[in-house]
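Student: sequence plus the predicted model coming up.
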Amino acid sequence: MLVLPAALAVLVLVVPLVAMVAETDWATLPSELASEPLRDALWLSIVTSTAAMLVCLVLGLPVAWILARVTFRGRGVLRALVTVPLVLPPVVAGIALRNAFGRTGVVGEPLLELTGFAFPFTTWGVVLAHVFVSLPFVVIAIEGALRSADPVYDAAAATLGATRWTAFRRVTVPLAMPGILAGMVLGWSRSLGEFGATITFNGNYPGTTQTMPTLIYVTRQSDQDAAQALSLVMLVMSIAVLLLLRDRWLGERSLVTP
């Protein structure tokens with residue numbers, strides 16, 4: 001009874017990807033992959049996604065620890081606020097970022113007056129957009145990892161004279177490290193594929209704000225073969241992320257261990 005809908009689900013997920021690979025013009029693929037716009041957009045995507053993940057680690061790890069280990073009134077509200085960007089339409093996220101960090105935004109206007117710096121239409125604006133959409137993924141993944149790390153070890157470290165910071169740094173984080181790394185990789189891949197918030201908040205300027213998804217979007221309007229080649233690059237990178245996470249989310253072992 002369940003085999004047919006399961007097979008249909010797999011087909012819905014797999015057939016579009018197979019069709020995209022099949023429709024790629026392999027004869028022109030090498031020249032498309034060697035194009036300067038692709039190299040620039042790919043490099044910018046990698047750099048901004050990596051920078052965003054460093055920011056997410058610095059900001060997300062404390063939030064995840066508070067949600068996982070501290071009991072306080074309003075914890076559910078805090079978790080809900082952190083996860084809102086997960087369900088927020090990307091274009092709406094871009095508009096929200098513009099209202100907050102734009103040149104006339106709540107934060108952006110005083111920042112511009114004080115420093116002369118504005119986030120929109122800059123590479124740092126791309127990083128900010130990536131952080132906004134990826135931070136919830138990182139927080140949720142790290143929170144789950146911290147919950148799976150038995151707090152008994154923290155208590156044991158405390159009885160041996162370790163401060164809370166020392167226990168966190170030397171005990172909690174190493175125990176949760178596989179989950180932390182998985183969350184970082186997941187957030188990085190989310191940043192790499194971010195489109196709506198980035199183009200709404202930062203536009204599409206080659207070398208500055210044009211990432212791979214925005215390049216694919218504009219290229220598709222004039223050159224379908226080039227868009228296919230660019231999409232294939234993103235597909236390969238997505239598969240690489242899955243391979244990195246295979247021990248955690250793929251296979252039988254991930255079903256029985258946290």
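Tutor: Here it is on my side, so go on.
Student: which elements pack onto the helix or strand harbouring Ile66?
Tutor: Applying DSSP states H and E as the criterion places Ile66 in helix 36-69. Contact here means 3 or more CB pairs under 8 Å, 6 or more residues apart in numbering; DSSP states H and E; on that basis helix 36-69 packs against helix 75-87, helix 123-148, helix 173-192, helix 212-220, helix 224-244. The C-beta positions use only the backbone N, C-alpha and C, and glycine is treated the same way.
Student: among these, which is the most enclosed?
Tutor: Among these, the stretch with the highest mean neighbour count (mean count of other CB atoms under 10 Å) is helix 123-148, at a mean of 24.
Student: and that one, what does it pack onto?
Tutor: Using 3+ CB pairs under 8 Å, 6+ apart as the contact test, the elements touching helix 123-148 are helix 36-69, helix 75-87, helix 90-101, helix 173-192, helix 196-202.
Student: picking that back up, report the angle between the helix holding Ile66 and helix 173-192.
Tutor: 140 degrees (axes from the mean of the first three to the mean of the last three CA atoms, to 10 degrees).
Student: what about the nearest residue to Tyr217 once chain neighbours are set aside, how many residues close to it?
Tutor: Sequence neighbours aside, Phe195 is the residue nearest to Tyr217 in space, at 6.8 Å (criterion: CB to CB, 6 or more residues apart in numbering). Using other CB atoms under 10 Å, Phe195 is surrounded by 18 other residues.
Student: so what's Phe195 scoring on pLDDT?
Tutor: Note on Phe195: pLDDT of 91.
Student: and it, how far from Gly60?
Tutor: For Phe195, the distance to Gly60 (CB to CB, to the nearest Å) stands at 22 Å.
Student: surely Asp40 touches Thr209?
Tutor: No. Applying CB atoms under 8 Å as the test, Asp40 and Thr209 come out as separate, 11.2 Å apart.
Student: so which of those two has more stuff around it?
Tutor: Using other CB under 10 Å as the criterion, Asp40 and Thr209 rank with Thr209 on top: 24 against 16.
Student: quick check, the more buried one in contact with Val127.
Tutor: No. Thr209 is not in contact with Val127 according to CB under 8 Å; the separation is 10.4 Å.
Student: backbone torsions only: list them for Leu160.
Tutor: Phi and psi for Leu160, reported as degrees, to the nearest 10, are phi -90, psi 10.
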